[in-house]
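Q: using only what follows, build the 3D model:
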Amino acid sequence: MSTKLTKNLQHDDNLFLHPWESIDAVGRNKRTVVTEGDGVYITDSDGNRLLDGPAGMWCVNIGHRRSEMAKAISDQIMELTYVSPWSLTNAPAAVLADKLASLSPGDLNHVFYTTGGSTAVDSALRFVMFRNNVLNRPHKKHIIARNNGYHGSTYLAASASGKSRDKNFLDFKTDTFHHISDPNMLDKPKDMADLQWCRLKVDELESRIIEIGADNVAAFIAEPILASGGVILAPEGYHAGCLAVCRKHDVLYISDEVVTAFGRLGHFFASEAVFGIQPDIITCAKGITSGYVPLGAFLVSDKLLKTVQKEDSGAYFSNGFTYSGHPVACAAALKNIEIMERENLMQHVQEIAPYFQSQLKTLLEHPIVTDVRGIGLMACVECDINKGRERKLVLDYEIGNRIDKHCQALGLLVRPIINMCVMSPPLIITREQIDDLVEKLGKGIELAAREVEQEGLWASS
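A: From the prediction side, this is the model:
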């Protein structure tokens with residue numbers, strides 16, 4: 001490693017406080033330094049070429065190093081770098097709003113720009129509360145979300161999130177945020193029909209609304225697929241059932257599509273196309289620019305907006321960001337969508353996703369693989385070395401970390417979530433690259449399993 005790179009790595013360890021940082025590890029993390037990206041691959045500082053299994057973080061949908069993206073961003077910078085969104089506007093933001101309205105389901109035609117997924121969710125929740133204030137319903141402020149859901153790291157978004165391991169050492173709003181169980185099919189009793197399980201989970205939402213009081217509940221927020229929670233799929237009809245309950249009790253439905261929008265499931269938006277629902281609000285980010293520059297948004301229905309457009313109300317939605325509708329970010333999003341449409345990436349995902357899922361299913365042959373689940377180009381391979389013993393979280397982390405280490409050495413970047421290997425590759429991935437991904441992941445699992453067995457952490461018998 002060069003002297004310059006060694007120094008840069010020292011700066012990272014000592015000065016760069018990363019997201020979800022273990023404070024005890026600051027100064028000695030020794031993270032991999034990524035230096036280049038090209039297509040579905042990245043390269044580290046040692047020259048190792050790695051298949052980008054997580055597509056960054058669910059986001060590099062069109063792949064790395066797209067020259068026309070670089071040109072679109074550069075051209076916009078040279079034309080107009082920035083303008084305040086408060087009293088002025090810019091062409092890319094206006095054109096993108098029109099494009100998003102044309103792609104979104106139903107009448108979700110109004111766009112509020114943010115800086116990313118967390119601020120999109122936070123802003124959507126603030127809009128819901130703002131609306132009830134305008135309608136003189138100051139008590140209708142409670143939000144229902146789900147365990148294992150993830151909605152962001154700003155205060156309201158984090159309060160809506162339901163991943164217990166993210167709740168340590170930080171403060172959250174708890175008086176008006178409530179969580180119900182997730183619909184994970186793995187938790188379903190073996191003798192229970194899928195339809196009955198679906199009904200049970202939908203009824204849980206309705207029971208919680210009644211318990212809190214429908215006059216107090218403002219919104220239900222849900223990811224179509226619980227992404228960071230482990231790619232958890234709901235039974236068929238779950239989202240439609242939840243939407244019907246929300247309509248019955250005058251509760252808004254927020255579909256958090258920060259991960260699923262812009263092609264991850266083979267559609268620009270998955271709420272209606274995949275799950276048959278037209279929510280009141282959709283949040284999005286990540287794939288909107290394929291990660292080239294930060295951008296997020298929430299889309300609100302015409303019907304919902306009209307309820308707050310009272311004559312002489314004097315109401316202001318006093319929420320926004322310096323970089324709302326940033327012209328460079330919006331230009332990047334427009335070029336990103338243009339590439340997706342021109343290259344028929346939605347159709348490509350629809351055609352290749354079944355192969356992706358079926359090839360990953362072959363990993364069930366490994367003794368420590370307990371489940372492989374997914375949809376579109378997002379999947380989770382879950383492993384367990386606690387078999388026959390009381391579940392220990394330390395062992396879950398152990399196997400996840402070892403699989404991650406071995407896969408990286410083999411040329412595959414994975415996203416380990418405790419004992420789960422999450423895969424969400426760029427949408428441009430080919431069959432040959434899927435074969436390579438699955439082969440490397442399988443080998444990494446095999447090596448990790450052999451290692452922990454030799455150390456007596458897990459007995460295959």
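Q: so what's the residue count around Thr370?
A: Thr370 has 16 neighbours, counted by other Cβ atoms under 10 Å. The C-beta positions use only the backbone N, C-alpha and C, and glycine is treated the same way.
Q: and what of Pro138?
A: Counted with other Cβ under 10 Å, the neighbours of Pro138 add up to 9.
Q: can you check the one 3 residues further on too?
A: Using other Cβ under 10 Å, Lys141 has 18 other residues around it.
Q: what about it, distance to Val251?
A: Lys141 sits 12 Å away from Val251, taking Cβ to Cβ, to the nearest Å as the criterion.
Q: where do the contact lists of these two overlap?
A: By Cβ atoms under 8 Å, 6 or more residues apart in numbering, Lys141 and Val251 have these common neighbours: Ala218.
Q: what are the ranges of the helices in the stretch 201-350 of the chain?
A: For the stretch 201-350 of the chain, the helices defined by DSSP state H, counting those that start in this stretch cover 238-248, 270-273, 302-306, 327-342, 345-361.
Q: next, the angle helix 345-361 makes with the fourth one.
A: By that I understand helix 327-342. Per axes from the mean of the first three to the mean of the last three Cα atoms, to 10 degrees, the angle that helix 327-342 makes with helix 345-361 is 80 degrees.
Q: for the stretch 301-450 of the chain, which spans come out with low pLDDT?
A: For the stretch 301-450 of the chain, applying pLDDT under 70 flags the ranges 387-391.
Q: rerun at 50
A: Along the stretch 301-450 of the chain, no part satisfies pLDDT under 50.
Q: so who does the residue nearest to Tyr323 when sequence neighbours are not counted touch?
A: Leaving aside its chain neighbours, Tyr323 sits nearest to Thr115 (5.3 Å; criterion: Cβ to Cβ, 6 or more residues apart in numbering). Neighbour list for Thr115: 294-296, 321, 323-324 [criterion: Cβ under 8 Å, 6+ apart].
Q: any figure for the gap between Thr115 and Val293?
A: Thr115 sits 10 Å away from Val293, going by Cβ to Cβ.
Q: quick one, phi psi at the residue nearest to Tyr323?
A: When read as degrees, to the nearest 10, the backbone of Thr115 gives phi -100, psi -10.
Q: for Glu451, see how far away it is.
A: Look at Thr115 and Glu451: by Cβ to Cβ, they are 42 Å apart.
Q: select the longest helix from this structure.
A: If you go by DSSP state H, the chain has its longest helix at helix 431-454.
Q: next, the angle helix 345-361 makes with that helix.
A: For helix 431-454 against helix 345-361, the angle by the same axes, to 10 degrees is 30 degrees.
Q: what's in contact with helix 431-454?
A: Outside helix 431-454, the residues that touch it by Cβ under 8 Å, 6+ apart are 40, 51, 53, 352, 355-356, 359-360, 362-363, 366-369, 381, 383, 385, 398-399, 402-407, 410-412, 414, 421, 423, 425, 429, 458-460.
Q: show me these that map onto helices.
A: Judged by DSSP H, helices contain the following of those: 352, 355-356, 359-360, 398-399, 402-407, 410.
Q: just the buried members of those residues?
A: If you count burial by 16 or more other Cβ atoms under 10 Å, the buried members of the ones in helices among the contacts of helix 431-454 come out as 352, 356, 359-360, 398-399, 402-407, 410.
Q: picking up where we left off before, centre of the chain to the longest helix of the chain, how far?
A: The chain centre lies 25 Å from the centre of helix 431-454; the measure is Cα atoms, centre = their mean, to the nearest Å.
Q: quick check: the residue located most distally from the centre of the chain vs Val134, distance?
A: Residue farthest from the centre of the chain, counting by Cα atoms, centre = their mean, is Asp312 at 39.2 Å. In this view, Asp312 and Val134 are 12 Å apart by Cβ to Cβ.
Q: what's the answer for Leu51, then?
A: Distance from Leu51 to Val134, counting by Cβ to Cβ: 50 Å.
Q: quick one, domains of this structure?
A: Following automatic domain parsing, the chain resolves into domains at 32-62+344-454, 68-342.
Q: quick one: which of these is nearest Glu21?
A: With Cβ to Cβ, the closest approach to Glu21 among these belongs to domain 68-342: 11.5 Å.
Q: and the closest one, how far from the chain's centre?
A: 11 Å.
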